[in-house]
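> sequence and predicted structure below; questions after.
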Protein chains: 2
Amino acid sequence: VRRETLKAADLLATSRPTAVNLFWAIDRMRRLIGRLPGRTIGDFRLALVREAIAIRDEDAAMCRAIGRHGVSLLKRNCSILTHCNAGALATAEFGTALAPVYTAAERGIPVRVFSDETRPLLQGSRLTAWELARAGIDVTVICDNMAAHLMKTRKIHAVLVGADRIAANGDAANKIGTYGLAVLARAHAVPFYVLAPTSTFDLATRTGAGIPIEERSADEITNGFGRRTAPAHVRVYSPAFDVTPASLITAIVCEKGILRPDYGKAIRKILGG
Amino acid sequence: VRRETLKAADLLATSRPTAVNLFWAIDRMRRLIGRLPGRTIGDFRLALVREAIAIRDEDAAMCRAIGRHGVSLLKRNCSILTHCNAGALATAEFGTALAPVYTAAERGIPVRVFSDETRPLLQGSRLTAWELARAGIDVTVICDNMAAHLMKTRKIHAVLVGADRIAANGDAANKIGTYGLAVLARAHAVPFYVLAPTSTFDLATRTGAGIPIEERSADEITNGFGRRTAPAHVRVYSPAFDVTPASLITAIVCEKGILRPDYGKAIRKILGG
């Protein structure tokens, strides 16, 4: 059983290269397996499930903490732009990027959210808009290419995004399109916040240049949701993530607080403490 | 017949607010109608069709001229990013933004094109990629939100876009997403070229602030191509165009040549001359 479970852990670890929390959680389960005495399969399974539930509960608490820190960055009636899904459907309960929004709602602070639909898989319209609308939060879907026009016409007061991996210097990998939003936010003097638990920090990766970027199948773009919308055999390039340099990030919000540049120093301090 | 035709012209003029060539062409047909002697319906129709064919032929010649001027801006083996469709399917023959690409192909100069798919109506994948692939030109489709990552990784050497209306000061309205590309191009020191015939210049509109922006139906985003990809009743914002300020435009290429800043002066000179 132990060998089979470790094989499953290895398989999961090869599934997606960019996000580091995945490896963090797999390593935690691997360490648990190493510690488990040789008992029955039932006991073994129970211990793994208990650890998984513990991770879920800790994640929910971390997300709430991110929400408490992050909500201090939001003004009443502000409009927030978010990208992809870093909410209740991607994490536990409050999410990361959306945690300040849920916290604001809980405290009766009105905020408005614009959600990039996030091509090609449309997590912004299918997931983010769904979960925010369900929670009674004012949400408006836009196409990714509309964000710049919204910023120019002063409709956006802050950008909140999650992260799949944050390098030791603060460079942050997140869903493709995030980097462009960061450049646009800087050009329009809109604060750009990355919200992620400390399990997203990867000290072993010195800068964003060391983060592998997953490339995905052309079909997701040319045959989205079962409808062909591009000529047959057309060439497609589909990176699933991009890297936002630390220099474009106004603050990184994790469960332990709000980090400001110099991120290299701030991250070392918070992980050491 | 005259009255009916003028009524049809009025109806066409209300169809879309942003592009100015439409009004230009309708006005030209109106002037023709004003000049036509009272003859048979057959003669009347023939005169209108002749004028339409003349416009088509002049448009083809203008596009070829834009191509001749624009190709001088391209280097061998360069990679071009374009947005929406300003090619053979939107104009006559060579198109505007794509004219330098077709001219390069004709002269045996290898270039590579990345085509933003251009949400929500996907003109970039459905039209631009189709017509370029058909012409044997190397074309790769990307999602709109991937452009920034491509620029950062030095995969783009120039951005070529069309325009629906260019104000007297050089501010240019074009398909939503164009403005964001211009900001990204500037941030990455990539030249940003607007290619359009002089019929796109609108001296009556002093700056881009005076260009009306068409807003389109939520359904195009939530129910694209017959597939629902957003929750029912979700709020949507869908501006169809945006305005790129003259300050972000490296050059404007029209059939009469390449305009450089100060565009106000350059446009007055070229329209006067």
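Perfect, I can see it now.

> residue ranges with poor pLDDT in chain A?
A:273 (pLDDT under 70).

> the residue positioned nearest the centre of it: what's it in contact with?
Closest residue to the average C-alpha location of chain A: A:G162 at 3.2 Å, with C-alpha atoms, centre = their mean. Residues in contact with A:G162 (C-beta atoms under 8 Å, 6 or more residues apart in numbering or on different chains) are A:84, A:86, A:90, A:95-97, A:174-175, A:194-196. C-betas here are computed from N, CA, C, even on glycine.

> just the helices in the stretch 1-150 of chain A please.
A:2-13, A:21-35, A:41-71, A:99-106, A:123, A:129-134, A:147-152 (DSSP state H, counting those that start in this stretch).

> nearest to A:V236, of the ones you listed?
For these, proximity to A:V236 was assessed by C-beta to C-beta; helix A:123 is nearest, at 18.9 Å.

> what's the spacing between that closest one and its chain's center?
In terms of C-alpha atoms, centre = their mean, to the nearest Å, the centre of helix A:123 is set 12 Å apart from its chain centre.

> related to what we said a few turns ago, and the helices of the stretch 1-150 of chain A as JSON lines, adding distance to chain B?
As requested, these are arranged in JSON lines below (distance: least, C-beta to the nearest C-beta, whole Å):
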{"stretch": "helix A:2-13", "distance to chain B": "25"}
{"stretch": "helix A:21-35", "distance to chain B": "21"}
{"stretch": "helix A:41-71", "distance to chain B": "22"}
{"stretch": "helix A:99-106", "distance to chain B": "15"}
{"stretch": "helix A:123", "distance to chain B": "10"}
{"stretch": "helix A:129-134", "distance to chain B": "5"}
{"stretch": "helix A:147-152", "distance to chain B": "3"}
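
> that older thread, I'd like the distance between the residue nearest to the centre of chain A and A:T91.
Taking C-beta to C-beta, to the nearest Å as the measure, A:G162 falls 8 Å from A:T91.

> same check on A:N145?
Taking C-beta to C-beta, one finds A:N145 at 27 Å from A:T91.

> equivalent analysis for A:T118, please.
A:T118 is 16 Å from A:T91, by C-beta to C-beta.

> before we move on, what about A:I137?
Distance from A:I137 to A:T91, by C-beta to C-beta: 17 Å.

> just want to know which of the two has more residues nearby.
Set side by side, A:I137 and A:T91 show more neighbours around A:T91, with 24 against 19, by other C-beta atoms under 10 Å in any protein chain shown.

> residues touching the more buried one, list them.
Residues near A:T91 by C-beta under 8 Å, 6+ apart: A:59, A:63.

> what does the stretch 151-273 of chain A put close to chain B?
A:152, A:176-177, A:179-180, A:183-184, A:186-187, A:221-222, A:224-227, A:229-231, A:233-239, A:242 (C-beta under 8 Å from any C-beta of the partner chain).

> sort out for me which of those residues are in helices.
A:152, A:179-180, A:183-184, A:186-187, A:221-222 (DSSP state H).

> pull stretch A:194-203 out as PDB, backbone CA atoms only.
Output of stretch A:194-203 as PDB, limited to C-alpha atoms (Å, rounded to 0.1, in the frame of the first residue of the first chain):
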ATOM      1  CA  VAL A 194      -1.100  39.200  -5.400                       C
ATOM      2  CA  LEU A 195      -2.800  37.100  -2.800                       C
ATOM      3  CA  ALA A 196      -1.500  33.700  -1.900                       C
ATOM      4  CA  PRO A 197      -0.700  31.500   1.100                       C
ATOM      5  CA  THR A 198       2.900  31.100   2.100                       C
ATOM      6  CA  SER A 199       2.800  27.500   0.700                       C
ATOM      7  CA  THR A 200       3.000  29.300  -2.700                       C
ATOM      8  CA  PHE A 201       6.400  30.800  -1.900                       C
ATOM      9  CA  ASP A 202       9.200  28.800  -3.400                       C
ATOM     10  CA  LEU A 203      12.600  29.800  -2.000                       C
END
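
> could I get the buried residue list for that stretch?
By neighbour count on 16 or more other C-beta atoms under 10 Å in any protein chain shown, the buried set for stretch A:194-203 is A:194-202.

> touching, A:I270 and A:V253? I think so.
No: with contacts counted by C-beta atoms under 8 Å, A:I270 stays clear of A:V253, the gap being 11.4 Å.

> mutual contacts of those two, please.
What both A:I270 and A:V253 touch, as defined by C-beta under 8 Å, 6+ apart, is the set A:L259.

> who has more neighbours, these two?
For the pair A:I270 and A:V253, the greater number of neighbours falls to A:V253 (27 against 16), based on other C-beta under 10 Å.

> so what touches the one helix or strand that one maps to?
When elements are assigned from DSSP states H and E, A:V253 belongs to strand A:251-254. Contacts with strand A:251-254, where a contact means C-beta under 8 Å, 6+ apart, come from A:62, A:66, A:69-70, A:73, A:100, A:163, A:166, A:170, A:172, A:191, A:193-198, A:200-201, A:258-260, A:263, A:266-267, A:270.

> got the CA positions of that strand in CSV?
Extracted in CSV, the C-alpha atoms of strand A:251-254 (Å, rounded to 0.1, in the frame of the first residue of the first chain):
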residue,chain,number,x,y,z
ALA,A,251,1.9,44.2,-2.4
ILE,A,252,1.8,40.4,-1.8
VAL,A,253,-0.9,39.4,0.8
CYS,A,254,-0.4,36.0,2.5
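
> what's the helix or strand following it in contact with?
Remark: after strand A:251-254, the chain's next helix or strand is strand A:257-259, criterion DSSP H and E. By C-beta under 8 Å, 6+ apart, the list of residues contacting strand A:257-259 from outside reads A:69-70, A:72-73, A:170, A:251-253, A:266-267, A:270.

> quick one: strands adjacent to strand A:257-259?
Applying DSSP bridges, strand A:257-259 is found paired with strand A:251-254 (antiparallel).

> and the residue lying closest to A:R206 once chain neighbours are set aside, what does it touch?
Leaving aside its sequence neighbours, A:R206 sits nearest to A:A168 (C-beta to C-beta, 6 or more residues apart in numbering or on different chains; 5.3 Å). Neighbour list for A:A168: A:201-207, A:264, A:267-268 [criterion: C-beta under 8 Å, 6+ apart].

> rerun at 10 Å
Neighbouring residues of A:A168 by C-beta atoms under 10 Å, 6 or more residues apart in numbering or on different chains: A:201-207, A:210, A:246, A:263-264, A:267-268, A:271.

> same check on A:L12?
A:L12 touches A:22-23, A:25-26, A:29, counting by C-beta under 10 Å, 6+ apart.

> out of the residues you listed, the closest to B:R56 would be?
So of the contacts of A:L12, ranked by how close each gets to B:R56 (C-beta to C-beta), first place is A:L22, at 56.8 Å.
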